[in-house]
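>>> Fold the following, please.
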Amino acid sequence: MNKGFAIKLLAATTAMALIAGCDRPLDFDLRGKLGSGADTSSAARDATASRPSPDDRGIISYPNYQVAVAKRGDTLSALATRIGADANELARYNGIQTGDSLRAGEVIALPNRVAEPSPATGAITSGPIQPASVDITELAEGAIDRAQPAAVTPAAAPQTDRTQSMVEPVRHKVSRGESAYTISRLYNVSVRSLADWNGLGSDFAIREGQFLLIPTNLAPMPETQAAEATKPGAGSPTPVPPSAATPLPEAVPTPAVAVPSAPTPDLGKTQTQTASAGKFSYPVRGKIIREYAKGKNEGIDISAPAGTPIGAAGAGTVAAITSDADQVPIIVVKHPDNLLTVYANVGNIAVKKGDSVNRGQKLATVRAGDAPFLHFEVRKGFESVDPLPYLQ
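Residues are numbered from 1 along each chain as shown. Predicted coordinates for the structure are as follows:
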C-alpha cells in the first residue's frame, strides 16, 4: 500500500472516531469557526423551567414522590437527620454510603414520604406541588369577590393552604452505562439543564442507581390584558337608540342637490392598530452584516461597537444564560406566543435566569472583538425563523 495513502486513511479514520464520540451536532458549514454564526440550538433547548425551590429542610414534594436537596457541607447522614429519614434506608435507595459527602444542590430521592412542606418549614405554600389546572369555581368566586367592595373582617387570616402548581417532572433512575449526555438526549433536554436541576458537578458525572429529575419545559407565558383588548372597531355593536322605537312624522321632501362626492379615505392606512404580540424592537442599532440563512446562520448579525448596550427585543422572562462551544455567552428570553429571542456574542451580562424584563431593558453589552457584532435570533418554539419580519 502506498505510504502516503495509508497516512491519509489513518487520519480520516481518526477524525471519524472523534466525530462519532462528539455529543454536539456536526458543524458542516463551520459556522462555529467563522465568528459570525454562533450555534445557539443548545442554548434554546436550555430554556427550561427552573427547578422549584425546596423548603428550609431541602424538601421538594410532588404527588407521586419527594426529593431532598443537599446543602453545602452535607453528608447523606446529616441530610437524613435534618429531614427525619433513616440514613441507612436513604443510602440503599440512592446507591451511596451514609458518610458520603454531597454537592450543594444535589438531589436525593426519598423512599418514603416525610412531612409535607408548609410555611412552618419555610415553604411558600402547603402540601405537594400539583399539576397546573383551572378551577372554574375558584375563578367564578374570584370574579364575584372582585366585583364586591372589600369588607374588613377582624379575624382575617392569610390563606396558607394554597398548593403550588407545576408539571411533575419525570424521575429517572440511572442504569449501568448511562451518562448525563445519553440521558439528556433520551429526554431531549440539554445536559446543562439536567445538571442545574440535579446539582451535578462540572464533569456531569452520575452514578448507577442515582435518581435524576428531568427538567420540564417552560409553561406558556400568560397573555397580558393588553393583548386581549379588542381592536378599534371590533367591539360590541352600537345599540339602537330608544327614540327609534317611535316612528317619526313623514318629512316634507326637498329637492335634492347634486353634490360631487369626495373620494372615501382609507382609514385602515391611518388608523392606529394595536401592537402585535410578535413584533420586536432591534436589540442594537447597526448595519446587518450577515443575514438569516436557515441551517447556516440561524439569525442575523448586527454590527455595533464593543460595549454597546443590548436591549431586550420585547417583554419576557430570561429563560437561559449559557455559552457556545467557544465559551461565548448566550442569553435566551422567553416571550408570549411560544417565541424565544436569542442574543449571542455578549458580555457584561446584567440579568440572571428567571428575571422578568421589559422591552428595551438592558441585557448585556456587545462583546469586544476584531469586528464586534451581536448575533440575534427569533425562534418559534426551538425552530429558528427569519427575525426581520418580527423587527420594527
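>>> would you list every one of the helices in the stretch 51-200 of the chain?
Assigned by DSSP state H, counting those that start in this stretch, the helices in the stretch 51-200 of the chain fall at 76-83, 87-94, 136-147, 180-186, 191-198.
>>> Could you pull out the buried residues of stretch 115-128?
By 16 or more other C-beta atoms under 10 Å, the buried positions in stretch 115-128 come out as 117-118, 121, 123, 125-126, 128. In short, each C-beta sits where N, CA and C put it, glycine included.
>>> circling back to that earlier point, so which of the helices of the stretch 51-200 of the chain is the most surrounded?
helix 191-198 (a mean of 22; mean count of other C-beta atoms under 10 Å).
>>> residues in contact with the helix or strand that it is followed by?
Downstream of helix 191-198, the first helix or strand assigned by DSSP states H and E is strand 211-213. With contact meaning C-beta atoms under 8 Å, 6 or more residues apart in numbering, strand 211-213 is reached by 51, 67, 94, 107-109, 169-174, 183, 194, 197-198, 206.
>>> Show me which of those are buried.
Among the contacts of strand 211-213, those scoring as buried are 51, 67, 94, 107-109, 169, 172, 174, 183, 194, 197-198, 206 (criterion: 16+ other C-beta under 10 Å).
>>> Residue 338: which of those residues is nearest?
residue 169 (20.2 Å; C-beta to C-beta).
>>> surely that closest one meets residue 193?
No - if you go by C-beta atoms under 8 Å, residue 169 and residue 193 don't touch, sitting 11.1 Å apart.
>>> thought residue 216 was touching residue 167?
Yes - with contact defined as C-beta under 8 Å, residue 216 reaches residue 167; the gap is 4.7 Å.
>>> Just want to know which of the two has more residues nearby.
Neighbours were counted for residue 216 and for residue 167 using other C-beta atoms under 10 Å; residue 216 has more, 19 against 14.
>>> and the two most separated of the buried residues of stretch 115-128?
121 and 128 (12.9 Å).
>>> hang on, the earlier thing: can I get the buried ones among the contacts of strand 211-213 in JSON lines including pLDDT?
Listed next are the buried ones among the contacts of strand 211-213 as JSON lines, based on pLDDT from 0 to 100:
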{"residue": "51", "pLDDT": "84"}
{"residue": "67", "pLDDT": "94"}
{"residue": "94", "pLDDT": "93"}
{"residue": "107", "pLDDT": "94"}
{"residue": "108", "pLDDT": "94"}
{"residue": "109", "pLDDT": "94"}
{"residue": "169", "pLDDT": "86"}
{"residue": "172", "pLDDT": "91"}
{"residue": "174", "pLDDT": "92"}
{"residue": "183", "pLDDT": "90"}
{"residue": "194", "pLDDT": "91"}
{"residue": "197", "pLDDT": "91"}
{"residue": "198", "pLDDT": "93"}
{"residue": "206", "pLDDT": "93"}
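>>> quick one: which of those is nearest to residue 385?
Looking across those and measuring by C-beta to C-beta, the closest to residue 385 is residue 194, at 27.0 Å.
>>> Could you list the low-confidence segments of the stretch 251-392 of the chain?
251-278, 325 (pLDDT under 70).
>>> What segments of it are strands?
For the stretch 251-392 of the chain, the strands defined by DSSP state E, counting those that start in this stretch cover 288-290, 300-303, 309-311, 316-323, 329-335, 339-344, 346-347, 356-357, 362-366, 373-380, 383-385.
>>> Out of the ones you listed, which gets nearest to residue 282?
strand 300-303 (7.3 Å).
>>> Now render the helices of the stretch 51-200 of the chain as CSV, adding distance to residue 339.
Shown next, in CSV, are the helices of the stretch 51-200 of the chain (distance: least, C-beta to C-beta, whole Å):
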stretch, distance to residue 339
helix 76-83, 41
helix 87-94, 40
helix 136-147, 27
helix 180-186, 24
helix 191-198, 19
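>>> Which of those has the lowest mean pLDDT?
Among these, helix 136-147 carries the lowest mean pLDDT, a mean of 40.
>>> returning to that earlier point: shared neighbours, residue 169 and residue 193?
In contact with both residue 169 and residue 193: residue 215, using C-beta under 8 Å, 6+ apart.
>>> Just the buried residues of stretch 197-212, please?
Buried residues in stretch 197-212 (16+ other C-beta under 10 Å): 197-200, 204, 206, 210-212.
>>> burial count for residue 72?
Neighbour number of residue 72 under other C-beta under 10 Å is 8.
>>> and it, what does it touch?
residue 104.
>>> Relative to residue 199, how far out is it?
The spacing between residue 72 and residue 199, counted by C-beta to C-beta, to the nearest Å, is 11 Å.
>>> Next: residue 63.
23 Å.
>>> What of residue 377?
For residue 377 relative to residue 199 (C-beta to C-beta), the value is 30 Å.
>>> Run through the stretch 1-150 of the chain and note the low-pLDDT ranges.
For the stretch 1-150 of the chain (pLDDT under 70), the answer is 1-49, 131-150.
>>> how about a cut-off of 90?
Applying pLDDT under 90 to the stretch 1-150 of the chain flags the ranges 1-53, 62-64, 95, 98, 122-150.
>>> re the thing from before, and of the buried residues of stretch 197-212, the nearest to residue 295?
Closest to residue 295, out of all of those and judged by C-beta to C-beta, is residue 204, at 28.3 Å.
>>> Contacts only, for that closest one.
With C-beta under 8 Å, 6+ apart, residue 204 has these contacts: 179-181, 191, 194-195.
>>> same deal with residue 106?
Contacts of residue 106 (C-beta under 8 Å, 6+ apart): 69-70, 198-200.
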